[in-house]
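Chemist: please work out how this folds:
(2 chains)
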Amino acid sequence: MNKKWLSGPYLFWAISFIIIPLVMILYYGLTTKDGSITFENILQITTNTNVKALVLALLLSIVSTIICLILAYPLAMILNQLDVNQNSFIVLIFILPMWMNFLLRTLAWQTLLEKTGVINSVLTLLHLPTLNIINTPYAIVLGMVYNFLPFMVLPIYNILIKIDPNVINAAKDLGANSFLTFYKVILPLSWPGVISGITMVFVPSLTTFVISDLLGGSKILLIGNVIEQKFTQANNWNAGSGLSLVLMVFILLSMAILSKYDKDGEGLI
Amino acid sequence: MKKWFLFIATTALAISALTGCGGKNSASDANKVYVYNWGEYIDPEVLDMFQEETGIEVVYDEFETNEIMYPKVASSGVSYDVVCPSDYMIERMIQDDLLAELNYDNIPNLSNIDQTYLDQAKQFDPENKYSVPYCWGTVGILYNKTMVDEPVDSWSILWDEKYKDSILMQDSVRDAFAVALKSLGYSINSTDANQLNEAKELLIQQKPLVQAYVIDQVRDKMIGNEAALGVIYSGEAIFTQRENPDLEYVIPKEGSNVWIDGWVIPKTAEHKENAEKFINFLCRDDIALKNFEYITYSTPNKAARELIEDEDIKNSEVAFPTADMLKDCETYQYLGSENDDLFSTLWNEVKSN
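Modeler: Below you'll find the predicted structure:
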């Protein structure tokens, strides 16, 4: 019995849609339009515009990741403490929005946040000051948090329900108060979930161009937008690929740092 | 060893799947026409009527800017049979040898097109060999009468602090720069580095006042009273006025861009005759009229214009501006790939500022 053949379909998938495209990006990124080797595409990251876009993208995605974490961890703990029936219901509510298309949900935020949008109409009706965050970085962070929050909650929740209650009881028996139990027992045990949550929020936030386009009114250029423009508007696949390679380095770097804290790889889904 | 065999076998399989084995022209594919058009740029009923009358199935795709359309057609990943780019892009596609010559025997309805526009089209298609004009128009300012106090007749109003956060700019490179270049008194086809830098500085100066850079959304946002001023194509004017009577369209006195979009057939087209039938169908007077009434972009089809029942629209200066109004308007020219890069670099500098 050679079970290795069972990996065939996935191997086919991985080669077609992961390895070959990556090789192509590598090829485009390291060549000029006429095919000679160059590092110019990668060095494009050093131009003023692109550095700004990269720094801004890093900043916004770090902020959204932190906000997601602050929102998600307590929620996951509450979910964990509920009865089985209740918590599956709440988890359902939580992932319900994900049944709808990501683009539609972002467009809905646009309608909600607009100057004469739903939120502002209600605020005006109540004679309250209006909310003017559309087309600003705040709206982009809001969009990122809204769209990627479930990816933070679910891995943390999954790891919390796996923690043996006896471990917590043992801590309490030995005299730890609830803060100490959390800090010394629950937090370290849930760390892999936190790590994978961070990765799953940080990486899509860093590379997004749709959220910044729709909620930033195309006024705020993130590195994802620069790359998108290279491919679509400027028709310069080489420069686009070169910048993608730089972005990949940043993602790999963040994963390398995170994996130091997740030696067992338990949290990776 | 076995592991390697598995790896190599799947790689080979993957490559062959990705490069698309199997015949390209299967029988079921024969009676189709692949159309690639601007968003919201045709009456969907027209497509159904074409399908019914000819039995040719229309596969319809949309693009948002010429720049997005070009790489798709150039890389011929999908071989479209008939595409609708604008003037300067047609010029570029002719230069890059991407277009097939049209067989006018298959397009007898071309006689419906006003000679004026065919002559204008010679600016980018010198012998009218590759393109058939579909729509034309100008770029101008759409403004909301209830939100703007002074008369609007100049691009300079887009730099007025009073309208901070109420200005919508076009999110396409050439159109955005055309606005800045024209308000500086330069040609929209300028390639002079100093002039372009001046235009860039002007756009950077304007950025804090701009609510958003958008394309198709200008229309909905203006109808929804979301902004006071928006840069828009003339064809949207009649439609938006219908939806929101407070809106008014104006071609600024400094001049603007006058454009023609035309149907072309890429060399890679696999159903050239169907594509010609499609073009011919669109040139028929009743069909051109139907399209005009739906998309409200000015039609170069003189037979269709005669059929317009509403006298106000038939003689509307928005839909059919007079020669005098167009005297300072220019058509875009293709400026070469180096200048394209220059424009997009400058545009990125504006956006990232």
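Chemist: how does chain B divide into domains?
Modeler: B:31-136+B:259-314, B:139-258+B:327-352 (automatic domain parsing).
Chemist: looking at those domains, which is nearest to chain A?
Modeler: Proximity to chain A (CB to the nearest CB) singles out domain B:139-258+B:327-352 among the domains of chain B, at 2.8 Å. Just so you know, the C-beta spots here come from the backbone N, C-alpha and C atoms, and that holds for glycine as well.
Chemist: run the chain-centre distance for the closest one.
Modeler: 15 Å (CA atoms, centre = their mean, to the nearest Å).
Chemist: residues in contact with residue A:50?
Modeler: Residues in contact with residue A:50, defined by CB atoms under 8 Å, 6 or more residues apart in numbering or on different chains, are A:44, A:223, A:226, A:243.
Chemist: tell me which element it falls in.
Modeler: Element membership for residue A:50, per DSSP states H and E: helix A:48-81.
Chemist: same question for that helix, mean pLDDT?
Modeler: Helix A:48-81 comes out with an average pLDDT of 93.
Chemist: let me know the pLDDT of residue 135.
Modeler: Answering for chain A, as no chain was given. pLDDT, residue A:135: 92.
Chemist: try again with chain B
Modeler: Note for residue B:135: predicted pLDDT of 95.
Chemist: helix, strand or coil for it?
Modeler: For residue B:135, the assignment made with DSSP: H, G, I helix; E, B strand; the rest coil gives strand.
Chemist: do you know how far it is from residue B:289?
Modeler: 13 Å (CB to CB, to the nearest Å).
Chemist: same question for residue A:117.
Modeler: 37 Å.
Chemist: tally of neighbours for residue B:94?
Modeler: 18 (other CB atoms under 10 Å in any protein chain shown).
Chemist: what's the closest non-adjacent residue to it?
Modeler: Distances taken as CB to CB, 6 or more residues apart in numbering or on different chains place residue B:130 nearest to residue B:94, at 5.7 Å, with adjacent residues excluded.
Chemist: hang on, that neighbour in a helix?
Modeler: No - Residue B:130: not assigned to a helix; according to three-state DSSP it is coil.
Chemist: could I get the domains of chain B as a markdown table with distance to residue A:180?
Modeler: A markdown table is the format used below for the domains of chain B (distance: least, CB to CB, whole Å):
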| stretch | distance to residue A:180 |
| --- | --- |
| domain B:31-136+B:259-314 | 57 |
| domain B:139-258+B:327-352 | 48 |
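Chemist: residue A:107 and residue A:213 touch, don't they?
Modeler: No - using CB atoms under 8 Å, residue A:107 makes no contact with residue A:213, being 10.9 Å away.
Chemist: the more surrounded of those two?
Modeler: A count of neighbours by other CB under 10 Å puts residue A:213 above the other of residue A:107 and residue A:213, at 23 against 14.
Chemist: tell me which element the more buried one is part of?
Modeler: helix A:210-215.
Chemist: rewinding a little: can you pull the contacts of the residue nearest to residue B:94?
Modeler: B:90, B:93-94, B:99-102, B:264-265.
Chemist: mind doing that once more with 6 Å?
Modeler: B:94, B:99, B:264 (CB atoms under 6 Å, 6 or more residues apart in numbering or on different chains).
Chemist: narrow these to those in helices?
Modeler: residue B:94 (DSSP state H).
Chemist: how many other residues sit next to residue 97?
Modeler: If you meant another chain, say so; for now it's chain A. For residue A:97, the neighbour count with other CB under 10 Å is 14.
Chemist: let me rephrase: I mean chain B.
Modeler: Residue B:97 has 7 nearby residues by other CB under 10 Å.
Chemist: and what of residue A:183?
Modeler: Residue A:183 has 12 neighbours, counted by other CB under 10 Å.
Chemist: wasn't it part of a helix?
Modeler: Yes - counting by three-state DSSP, residue A:183 is found in a helix.
Chemist: against residue A:171, how distant is it?
Modeler: 10 Å.
Chemist: so what touches the helix holding residue A:213?
Modeler: A:106, A:110, A:139-140, A:143-144, A:220, A:222, A:225.
Chemist: which ones among the residues you listed also lie next to chain B?
Modeler: Among the contacts of helix A:210-215, no residue lies close to chain B (CB under 6 Å from any CB of the partner chain).
Chemist: filter those residues down to the buried ones.
Modeler: Among the contacts of helix A:210-215, those classed as buried by 16 or more other CB atoms under 10 Å in any protein chain shown are A:106, A:110, A:139-140, A:143-144, A:220, A:222, A:225.
Chemist: can you list the buried residues in stretch A:187-194?
Modeler: A:189-194.
Chemist: report the contact partners of whichever residue of the stretch 101-250 of chain A sits closest to chain B.
Modeler: For the stretch 101-250 of chain A, the residue closest to chain B is residue A:217, as judged by CB to the nearest CB, at 2.8 Å. The neighbourhood of residue A:217, defined by CB under 6 Å, 6+ apart, consists of A:135, B:212.
Chemist: lowest confidence element among the helices and strands of the chain?
Modeler: I went with chain A, as the question did not name one. Least confident helix or strand of chain A, by mean pLDDT, DSSP states H and E, is helix A:84-95 with a mean of 73.
Chemist: next structured bit after it?
Modeler: With DSSP H and E, the next secondary element past helix A:84-95 is helix A:102-113.
Chemist: residues from the stretch 151-269 of chain A in reach of chain B?
Modeler: Counting by CB under 6 Å from any CB, the residues of the stretch 151-269 of chain A near chain B are A:217-218, A:221, A:232-235.
Chemist: repeat that with 7 Å
Modeler: A:217-219, A:221, A:226, A:229, A:232-235 (CB under 7 Å from any CB of the partner chain).
Chemist: quick check: closest non-adjacent residue to the residue sitting nearest the centre point of chain A.
Modeler: By CA atoms, centre = their mean, chain A has its centre lying nearest to residue A:201, at 2.1 Å. Leaving aside its sequence neighbours, residue A:201 sits nearest to residue A:148 (CB to CB, 6+ apart; 4.4 Å).
Chemist: and residue A:64, which of the domains of chain B is closest to it?
Modeler: domain B:139-258+B:327-352 (19.9 Å; CB to CB).
Chemist: tell me who's in contact with the residue nearest to the centre of chain A.
Modeler: Contacts for residue A:201 (CB atoms under 7 Å, 6 or more residues apart in numbering or on different chains) come out as A:64-65, A:68, A:148, A:151-152.
Chemist: which of these sits closest to residue B:139?
Modeler: residue A:64 (36.9 Å).
Chemist: how about the closest one: what's its closest non-neighbour residue?
Modeler: Residue A:64 sits nearest to residue A:144 (CB to CB, 6+ apart), 3.8 Å away.
Chemist: surely that neighbour touches residue A:205?
Modeler: Yes - counting by CB atoms under 7 Å, residue A:205 is a contact partner of residue A:144 at 4.6 Å.
Chemist: need the overlap of contacts for the two.
Modeler: A:60-61, A:64.
Chemist: what number of residues lie near residue A:69?
Modeler: Neighbour tally, residue A:69, other CB under 10 Å: 16.
Chemist: what about the nearest residue to it once chain neighbours are set aside, how many residues nearby?
Modeler: Closest residue in space to residue A:69, ignoring its immediate chain neighbours: residue A:152 at 6.2 Å, by CB to CB, 6+ apart. By the criterion of other CB under 10 Å, residue A:152 has 30 neighbours.
Chemist: pLDDT below threshold where in the stretch 151-300 of chain B?
Modeler: Regions of the stretch 151-300 of chain B meeting the criterion pLDDT under 70 are absent.
Chemist: all helices of it, in order?
Modeler: Under the criterion DSSP state H, counting those that start in this stretch, the stretch 151-300 of chain B contains helices at B:173-183, B:193-206, B:217-223, B:235-243, B:272-283, B:285-295.
Chemist: re earlier: among the domains of chain B, which comes closest to residue A:256?
Modeler: domain B:139-258+B:327-352 (28.4 Å).
Chemist: can you give me the strands for chain B?
Modeler: Using DSSP state E, the strands found in chain B span residues B:32-38, B:57-63, B:82-83, B:132-144, B:167-170, B:210-214, B:229-233, B:247-250, B:258-263.
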